[in-house]
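A.B. asks: let me see the structure of the following:
(chains A and B)
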Amino acid sequence: MTDVKDASSPEIQRDFDIHSPDDVEGVYDTYAAMRSGCPVAHSPRYGGHFVATRYDDIHDVLRNPGTYSSRTINVPDSIGQDGEMIPIQIDPPDHSTYRGIINPLFSPKRMRELEPQIRAIATELLDTMLAEKKVDFVDAFAREFPSQVFLALMGWDLSDAPRLNEWTDTMVLGKPGASEEENEAVREQAGMEVYAYFAQMIDDRMENGGDAEDITQILINSTFEGRELTQFEILNILLLFMIGGLHTVQGQLAHTVIYMAEHPEVRRQLVGDLDLVPTAVEEMLRYESAVCPAREVTEDTVLNGVQLRSGDKILIPFAAANRDPEKFEDPDVVDLTREPNPHLAFGAGNHRCVGSHLARLELRVAFEEIHKRMPDYRLDPADPPVRHLSQVKGVVSLPLIIGESL
Amino acid sequence: MTQALNASVDLAVCKGHGRCYMTAPEIFDCDDAGFPLVIGTATTEQQISDLQRAVNNCPEQAVSVSPAG
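C.D. replies: Predicted coordinates:
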């Protein structure tokens, strides 16, 4: 083929920066422009990487881990971790062994048993929040809720939530606007602190023994092909749970509340029929997909007419896949009853988000409790929400006026 | 009379998203690791419609149907 493009082809160059603080509001337009102009684009940022924006291409990448390895999932390639996060940065066959240990921890059945506990956390946060008329929804609910659920699942002290949140923020966001070197330094520092904290939690449990059935204990008791997991492995599993479980749900909740505040007719539809919550959760996952992982190409291959070479990095923003008009009718419109909705908010293929069943439960409980108890809310015109990009898109602050509506 | 449908899941392709047993709980259940089990045939209109939705919502395209009987 003569028309195969490659990393040096001028027509596929786009100056796309996934960490840019300036591009967050227009990112869906950016994805749309790339999708229609060059669906596999090349950006010079972070040493150069590709960006795919069509659903079918992203789907292909996700489902071919042999060609697209997740040993690199970040651009730049470290968020401060020491070694690989397990199991997301592990390729087959070890990946399957780890997933065999971890899948049951987050199985739908186990999650269902946790629902009362998760609902109690949501209820308590809302009790406090609803005593105010004006709140920051991120501080009052979106950040605390998944962190407290995470700590409860681990069997750790719920009051550690603020520390976990700070470490997660730093590792996910770095220091926006700072140099790459400075970013690397603050992330490494946060990484060291979080490993030390996890190690302390594991040591405490080892010393005091335990018949608890929480995740800490299950991991300590787990075996990998007959041997116990090493502390290093447990640390890198816990790190993934923290990075994957906190910021993502926080962002999803906050993006949803922003949308519902701005679209009272959609919010009233939900408030009026809470049976819509399950499909509403799926639709908001599609509409605001937080995660934009990378993959590392392991062998020369052609993706949608673009030559990729072994060692190349490619970003696969799930948000771009989930707004692809070839796959979803009116993709920029929220339809709480959208059908079908095979979105990729949790990815696909071997590395399908291991926490997806927990995330769905958290989102369902939160959507229900929020809209049962807080039918009306609006943004503060004097103090608009602040969103951020990065590989986990999110919301920094969300001032909300409760009891009023647009 | 609508044609009854059997469901099947290609477990080599399925990654345990769980959309099928959420969408069509009378046709699919899940095992302890979150993978689906086919537990019934779709015979009522509601079950058939739920099963079609399960096929269309699977992000892995792992669910298929065939005429029952």
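
A.B. asks: in contact with the residue lying closest to residue A:140 once chain neighbours are set aside, which residues?
C.D. replies: Closest residue to residue A:140 apart from its sequence neighbours, by CB to CB, 6 or more residues apart in numbering or on different chains: residue A:129 at 4.2 Å. Any C-beta I mention is one placed from the backbone N, CA and C, and that applies to glycine too. When contacts are counted by CB atoms under 8 Å, 6 or more residues apart in numbering or on different chains, residue A:129 touches A:135, A:137, A:140-141, A:402.

A.B. asks: now swap in residue A:232 and tell me
C.D. replies: residue A:83.

A.B. asks: separation between residue B:4 and residue B:23?
C.D. replies: Using CB to CB, to the nearest Å, one obtains 18 Å as the distance from residue B:4 to residue B:23.

A.B. asks: if you count what's nearby, which of those two comes out ahead?
C.D. replies: residue B:23 (25 against 15; other CB atoms under 10 Å in any protein chain shown).

A.B. asks: not counting its neighbours along the chain, what's nearest the more buried one?
C.D. replies: Nearest to residue B:23 is residue B:54, by CB to CB, 6+ apart, at 4.5 Å.

A.B. asks: same thing with residue A:32?
C.D. replies: residue A:323 is the one closest to residue A:32 (CB to CB, 6+ apart), at 7.0 Å.

A.B. asks: could I get the phi/psi values of the one you found?
C.D. replies: With angles defined as degrees, to the nearest 10, residue A:323 sits at phi -110, psi 20.

A.B. asks: so what's it up against?
C.D. replies: A:28, A:31-32, A:287, A:331-332.

A.B. asks: where in chain A is pLDDT low?
C.D. replies: A:1-2, A:210-211 (pLDDT under 70).

A.B. asks: wait, a helix at residue A:140?
C.D. replies: Yes - under DSSP: H, G, I helix; E, B strand; the rest coil, residue A:140 falls within a helix.

A.B. asks: residue B:41 contacts residue B:65, doesn't it?
C.D. replies: No - between residue B:41 and residue B:65 no contact is recorded; they are 10.1 Å apart, counting by CB atoms under 8 Å.

A.B. asks: give me the common contacts of those two.
C.D. replies: In contact with both residue B:41 and residue B:65: B:5-7, using CB under 8 Å, 6+ apart.

A.B. asks: which residues does the closest residue to chain A within chain B contact?
C.D. replies: Taking CB to the nearest CB, chain A has its nearest neighbour within chain B at residue B:56, 3.4 Å off. Neighbouring residues of residue B:56 by CB under 8 Å, 6+ apart: A:339-340, A:342.

A.B. asks: helix, strand, or coil at residue A:276?
C.D. replies: Of the three states, residue A:276 takes helix under three-state DSSP.

A.B. asks: skip the chain neighbours and tell me the closest residue to it.
C.D. replies: Nearest one to residue A:276, counting by CB to CB, 6+ apart, is residue A:336 at 5.1 Å.

A.B. asks: make sure that neighbour is indeed in a strand.
C.D. replies: No - applying three-state DSSP, one finds residue A:336 to be coil, outside a strand.

A.B. asks: what separates it from residue A:288, distance-wise?
C.D. replies: Look at residue A:336 and residue A:288: by CB to CB, they are 14 Å apart.

A.B. asks: and the residue of the stretch 201-350 of chain A at minimum distance from chain B, how far from residue A:348?
C.D. replies: In the stretch 201-350 of chain A, no residue comes nearer to chain B than residue A:340, which is 3.4 Å away by CB to the nearest CB. Using CB to CB, residue A:340 is found at 15 Å from residue A:348.

A.B. asks: tell me the contacts of the closest residue to residue A:308 other than its chain neighbours?
C.D. replies: Closest residue to residue A:308 apart from its sequence neighbours, by CB to CB, 6+ apart: residue A:297 at 4.7 Å. Shown in contact with residue A:297 (CB under 8 Å, 6+ apart): A:67-69, A:308-314.

A.B. asks: cool, residue A:347 as well?
C.D. replies: A:62, A:291, A:293, A:318, A:353.

A.B. asks: what does residue A:318 give?
C.D. replies: Residues in contact with residue A:318, defined by CB under 8 Å, 6+ apart, are A:58, A:289-293, A:343-345, A:347.

A.B. asks: next one: phi and psi at it?
C.D. replies: Taking degrees, to the nearest 10 as the convention, residue A:318 sits at phi -60, psi -30.

A.B. asks: what do you get for residue B:65?
C.D. replies: Residue B:65 adopts backbone torsions of phi -130, psi 160, taken as degrees, to the nearest 10.

A.B. asks: on the pLDDT front, check it for me.
C.D. replies: According to the prediction, residue B:65 has pLDDT 97.

A.B. asks: can you count the residues close to it?
C.D. replies: 17.

A.B. asks: out of everything not next to it in sequence, what's closest to it?
C.D. replies: Nearest non-adjacent residue to residue B:65, counting by CB to CB, 6+ apart: residue B:5, 4.5 Å away.
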